[in-house]
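# Sharing a sequence plus its predicted fold:
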Amino acid sequence: MTQLVNEIGELSLTWPEEPKADTIIEAGHPAVLLGEQILNGVLNGNDPTELGDWREAIDEIDLLLAGVVAARVAATEKVGRLKVEQGISAVDTERERTVIGRASLAAEVIGAGVRPEVTALMSALIRAAHSQYNVARRAVST
């Protein structure tokens, strides 16, 4: 049995087996390669030894992450509107488990011991999507 709980206990998902993933996440998977390329690109192939250099690299990664999150939010807004129009519930537990599981597995393959952090991040993004759905639902009902 697998259980995922974020660090502050806001989400607890339990299911009888490993989370389902639409694709197998391996070292050569595009998501893994992209993460490696981003880090190498930001560092320009160097391995900085100065704190300021690492902070600059993190700042660049944060900008990329903000862009990716914004794209995800835009996509989930559209999904939320479609769900409202079609009378579908905001919560799809199986889909949420798949999304969190796939991201968690990718984090595990990438390494650096970030699986709990990625799980917490994906859970927060899903909660934000639920909020967007509720806003869209209220807009339709008024």
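Sure, I can see it.
# residues touching the residue nearest the centre of the chain, list them.
Note on the chain: the residue nearest the mean C-alpha position is M122, at 3.7 Å, using CA atoms, centre = their mean. Counting by CB atoms under 8 Å, 6 or more residues apart in numbering, M122 touches 99-100, 103-104. (C-beta placed from N, C-alpha, C; glycine too.)
# With H130 instead?
Contacts for H130 (CB under 8 Å, 6+ apart) come out as 90-91.
# One more: S89?
S89 touches K83, counting by CB under 8 Å, 6+ apart.
# so it, which of the three states?
Assigned with DSSP: H, G, I helix; E, B strand; the rest coil, S89 falls in the coil class.
# Distance check, it against G80.
Distance, S89 to G80, by CB to CB, to the nearest Å: 11 Å.
# Next: A31.
Taking CB to CB, one finds A31 at 24 Å from G80.
# A106 now?
Separation of A106 from G80 (CB to CB): 24 Å.
# Regarding N46, what are the backbone dihedral angles?
phi -90, psi 170 (degrees, to the nearest 10).
# quick one, what contacts it?
D53.
# Counting neighbours, go ahead and name the busier of A31 and G80.
Neighbours were counted for A31 and for G80 using other CB atoms under 10 Å; G80 has more, 21 against 15.
# How about that one, nearest residue that isn't a chain neighbour?
Excluding its sequence neighbours, the residue lying closest to G80 (CB to CB, 6 or more residues apart in numbering) is Y133, at 4.0 Å.
# And for A57?
V42 (4.6 Å).
# I'd like to know how far the one you found sits from L64.
Remark: distance between V42 and L64 (CB to CB) = 8 Å.
# So for those two, which sits in the more crowded spot?
A count of neighbours by other CB under 10 Å puts V42 above the other of V42 and L64, at 18 against 13.
# got the buried residues for the strand or helix carrying the more buried one?
For V42, the enclosing helix or strand under DSSP states H and E is helix 30-43. Neighbour-count burial for helix 30-43, counted by 16 or more other CB atoms under 10 Å, picks out 32, 35, 42-43.
# All good on my end, thank you.
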